[in-house]
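K.L.:
Starting from these lines, generate the structure:
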Amino acid sequence: MEKTFETALKELEQIVKELESGNIELEKAIEKYTEAMKLVKICNEKLNHATDSVNKILQENGELKDFEIQEEEKCEN
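P.N.:
Residues are numbered from 1 along each chain as shown. Okay, here's the model as predicted:
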């Protein structure tokens, strides 16, 4: 079963706490670090997917279009 972003983030936070405690053997720390990097990848992929989804808006004709932020021109005095 695929992890949700929230589940992966909670697991990552727990690993960080364990590693920060300093009370972990080197081999176990390496395993935890490797696991943490996998969780970071999952979270990053999910955030990228969410960002892509949010950056799409539905036009009146039903087509998806990239959302573009238009910057206002600066007035010079």
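K.L.:
Show me which residues of the helix or strand hosting Glu11 are buried.
P.N.:
Secondary structure assigned from DSSP states H and E places Glu11 in helix 5-21. Of all the residues in helix 5-21, those buried under the rule 16 or more other C-beta atoms under 10 Å are Ala8, Leu9, Glu11, Leu12, Ile15. The way it works is simple: take the backbone N, C-alpha and C, and place the C-beta from them, glycine included.
K.L.:
Relative to the whole chain's centre, how far out is that helix?
P.N.:
With C-alpha atoms, centre = their mean, to the nearest Å as the basis, the distance from the averaged C-alpha position of helix 5-21 to the chain average is 14 Å.
K.L.:
And for stretch 36-44?
P.N.:
Averaging C-alpha positions (C-alpha atoms, centre = their mean) puts stretch 36-44 8 Å from its chain's average.
K.L.:
Put together CSV for the buried residues of helix 5-21, with pLDDT and distance to Tyr33 on each row.
P.N.:
Shown next, in CSV, are the buried residues of helix 5-21 (pLDDT from 0 to 100; distance: C-beta to C-beta, whole Å):
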residue, pLDDT, distance to Tyr33
Ala8, 95, 15
Leu9, 95, 17
Glu11, 96, 13
Leu12, 96, 11
Ile15, 96, 8
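K.L.:
For Asn23, state which of the residues you listed is nearest.
P.N.:
The shortest distance between Asn23 and any of the buried residues of helix 5-21, using C-beta to C-beta, involves Ile15 and amounts to 13.6 Å.
K.L.:
related to what we said a few turns ago, in a markdown table: the buried residues of helix 5-21, plus distance to Glu25.
P.N.:
Rendered in a markdown table, the data for the buried residues of helix 5-21 read as follows (distance: C-beta to C-beta, whole Å):
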| residue | distance to Glu25 |
| --- | --- |
| Ala8 | 24 |
| Leu9 | 25 |
| Glu11 | 20 |
| Leu12 | 20 |
| Ile15 | 14 |
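K.L.:
Lowest-scoring secondary structure element of the protein by mean pLDDT?
P.N.:
strand 56-58 (a mean of 60; mean pLDDT, DSSP states H and E).
K.L.:
Where does pLDDT dip in this protein?
P.N.:
Residues of the chain meeting the criterion pLDDT under 70: 57-77.
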